[in-house]
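Asker: coordinates only, sequence not included:
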Ligand code: TXA
Ligand code: MG
């Protein structure tokens, strides 16, 4: 089997219950139809992902997404209307049309309506939703190009080429607690807390938005998003030269490489995973990056959530 496949080949393979890597606007995913147990099992096996870590169900439309929920809620509908197709994933109580293999026996399902034109076309023509985690081995850096997928899975997984992912960072995962009047951000992502707060201002509600990102939440394991070489975060007022002197004394055998973050958070998000992969190619490298004081809100929160999980340690001096 050739690793790269055409749109028609990808569609036929998915129809037959095979697993195919597809582009989305956030990262590439390993897709399998939600009604095929063989495909779902293969996704977990290929990623070496534990069965207790549930998958996101990707739908073509709001109507299709809502058909898997236990109950209808107007707030959920409005969130879908405002933010999708796009990088928002909603966790809510599921009905019995969703297999417990997808949700790791949880009573809830994570639903997302992606925006990339190719995955939209696949979902429309297939008319069955796709379960799809990021197309990387469990705990490693997510893929934002077909090359990244190929480097992890070689010819084991057919890939549909969709260019470089425009957003570059995974979707924001939220769960609504109706009784607490609260939207919890389980994984920060491209849709920021501020964007959700602005959305709520337009509604007639007094809901609040809160981060709830402990290690039992999505991507919460401390070994997530890890590059193949050591990566350190430095928070310091010292000059770059002084920081490098400090690090070379500590790690004399390593070649220091800087992960430079753009002043634009959008651009940083888009380039982040490619840069981490590129800087990890030489196993002698040690990557470091500096945390700046303005890196604390908006999309920076999601960027630093990933960087902190990717890091081997933190130096503050
Ligand atoms: O942007 C994205 O969301 C990408 C693209 C491919 O769509 N997908 C993605 O999937 O990041 P994955 O599997 O790498 O991360 C999804 C996270 C997991 O950490 C999982 O624990 C969480 O979503 N999740 C799935 N279902 C859940 C549920 N019912 N409750 C809480 N968390 C859930
Ligand atoms: Mg992932």
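Answerer: Everything's here; your move. This is a predicted model, so every value here is computed, not measured. Residues are numbered from 1 along each chain as shown. Ligands and ions are numbered 1, 2, ... in the order given.
Asker: rest of the way, CA atoms for contacts and neighbours
Answerer: Will do.
Asker: Who are the contact partners of residue 288?
Answerer: The neighbours of residue 288, taking Cα atoms under 8 Å, 6 or more residues apart in numbering as the test, are 231, 232, 233, 234, 256, 257, 258, 259.
Asker: who does it bridge with?
Answerer: residue 232, residue 258 (DSSP bridges).
Asker: For the stretch 51-200 of the chain, which residues are neighbours of ligand 1?
Answerer: Counting by Cα under 6 Å from any ligand atom, the stretch 51-200 of the chain comes close to ligand 1 at 53-56, 91, 103, 108-110, 132-134, 170-171.
Asker: still on that earlier bit, buried ones from the contacts of residue 288, can you make that a PyMOL selection?
Answerer: Listed next is the PyMOL selection for buried residues among the contacts of residue 288, using 16 or more other Cα atoms under 10 Å:
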select buried, resi 231+232+233+234+256+258+259
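Asker: From the contacts of residue 288, pick the one nearest residue 281.
Answerer: Of all these, the one with the least separation from residue 281 (Cα to Cα) is residue 257, at 11.3 Å.
Asker: I figured that closest one hits residue 285, correct?
Answerer: Yes. Contact between residue 257 and residue 285 holds when scored by Cα atoms under 8 Å: they sit 6.5 Å apart.
Asker: Where does the prediction get shaky in the stretch 151-300 of the chain?
Answerer: In the predicted model, the stretch 151-300 of the chain carries pLDDT under 70 at residues 214-223.
Asker: Go through the residues of the stretch 51-200 of the chain next to ligand 1 and flag which are in strands.
Answerer: Using DSSP state E, 56, 91, 108, 109, 110 are the members of those that sit in strands.
Asker: With neighbour count as extra columns, can I get the residues you listed in CSV?
Answerer: Listed next are those as CSV, based on neighbours: other Cα atoms under 10 Å:
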residue, neighbour count
56, 20
91, 20
108, 21
109, 27
110, 24
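Asker: Between which two of those residues is the distance greatest?
Answerer: 56 and 108 (10.7 Å).
Asker: Tell me which stretches of the chain form helices.
Answerer: Ranges of helices in the chain, per DSSP state H, are 7-15, 37-47, 62-66, 74-83, 117-126, 146-153, 193-202, 240-250, 265-279, 299-310.
Asker: that older thread, from the contacts of residue 288, which is closest to ligand 1?
Answerer: residue 231 (20.7 Å; Cα to the nearest ligand atom).
Asker: Hmm, residue 290 and the closest one touching each other?
Answerer: No. Residue 231 lies out of contact with residue 290 (Cα under 8 Å); the separation is 11.2 Å.
Asker: So for residue 33, what's the nearest residue that isn't a sequence neighbour?
Answerer: Closest residue in space to residue 33, ignoring its immediate chain neighbours: residue 130 at 4.5 Å, by Cα to Cα, 6 or more residues apart in numbering.
Asker: Contacts only, for the one you found.
Answerer: 31, 32, 33, 34, 57, 58, 59, 123.
Asker: one step back: can you say which of the helices of the chain is packed in most?
Answerer: Scoring these by mean neighbour count under mean count of other Cα atoms under 10 Å gives helix 299-310 as the most buried, with a mean of 21.
Asker: Can you list the neighbours in contact with it?
Answerer: Defining contact as Cα under 8 Å, 6+ apart, one finds that helix 299-310 is touched by 141, 169, 187-192, 222-227, 231, 233, 265-266, 268-269, 295.
Asker: That helix to helix 265-279, inter-axis angle?
Answerer: Angle of helix 299-310 versus helix 265-279, following axes from the mean of the first three to the mean of the last three Cα atoms, to 10 degrees, is 20 degrees.
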